[in-house]
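Asker: Fold the stuff below for me.
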Amino acid sequence: MIMASRVVYGFAAQGNLPKQLALISPTTRTPLIATALVGAVIMVLALIVPLEGPAETTSTITLIIFTAVSVAPVSIKLAVDPVPSGIYIVPFWVPVVGSVICLFF
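Answerer: Numbering: from 1, shown residues only. Below you'll find the predicted structure:
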């Protein structure tokens with residue numbers, strides 16, 4: 001739910017969703033409106049739809065995002081020739097193994 005609210009916030013901050021969803025609470029520094037919206041949608045779905053479906057969908061989406069995050073260092077490493085100084089270099093096999101594991105699951 002937190003990740004979904006951050007995605008909604010990101011889209012709103014880029015102008016792809018209403019700007020109100022990008023408002024940040026000055027106290028908590030979190031997108032409270034986006035979090036409330038996502039929470040409300042999840043509550044409605046939990047009351048209407050059997051929980052197996054949304055739970056499986058959430059797991060699948062999370063694994064897709066983890067796969068994309070694991071592939072990103074590989075694509076950056078292949079695209080960028082000189083590595084800027086001061087950057088931590090992950091061994092090439094780490095994101096490859098992470099991607100394979102995510103795809104397996």
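Asker: buried residues in the lowest-mean-pLDDT helix or strand in the chain?
Answerer: In the chain, no helix or strand scores lower on mean pLDDT, DSSP states H and E than helix 52-79, which sits at a mean of 85. Buried residues in helix 52-79, counted by 16 or more other Cβ atoms under 10 Å: F66, T67, S70, V71, P73, V74. For glycine as for every other residue, the C-beta is placed from the backbone atoms N, C-alpha and C.
Asker: can I get those in JSON lines with distance to L17?
Answerer: Shown next, in JSON lines, are these (distance: Cβ to Cβ, whole Å):
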{"residue": "F66", "distance to L17": "24"}
{"residue": "T67", "distance to L17": "25"}
{"residue": "S70", "distance to L17": "27"}
{"residue": "V71", "distance to L17": "26"}
{"residue": "P73", "distance to L17": "29"}
{"residue": "V74", "distance to L17": "30"}
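Asker: how about the helices of the protein, start to end?
Answerer: Here the chain has its helices, by DSSP state H, at 2-13, 32-48, 52-79, 93-104.
Asker: Would you mind pulling up the elements that the last one packs against?
Answerer: With contacts defined as 3 or more Cβ pairs under 8 Å, 6 or more residues apart in numbering; DSSP states H and E, the packing partners of helix 93-104 are helix 52-79.
Asker: Please name every helix or strand in contact with the helix it packs on.
Answerer: Counting contacts by 3+ Cβ pairs under 8 Å, 6+ apart, helix 52-79 packs against helix 32-48, helix 93-104.
Asker: Recalculate using a threshold of 7 Å.
Answerer: Packing partners of helix 52-79 (3 or more Cβ pairs under 7 Å, 6 or more residues apart in numbering; DSSP states H and E): helix 93-104.
Asker: any weak-confidence spans in this structure?
Answerer: Applying pLDDT under 70 to the chain flags residues 1, 80.
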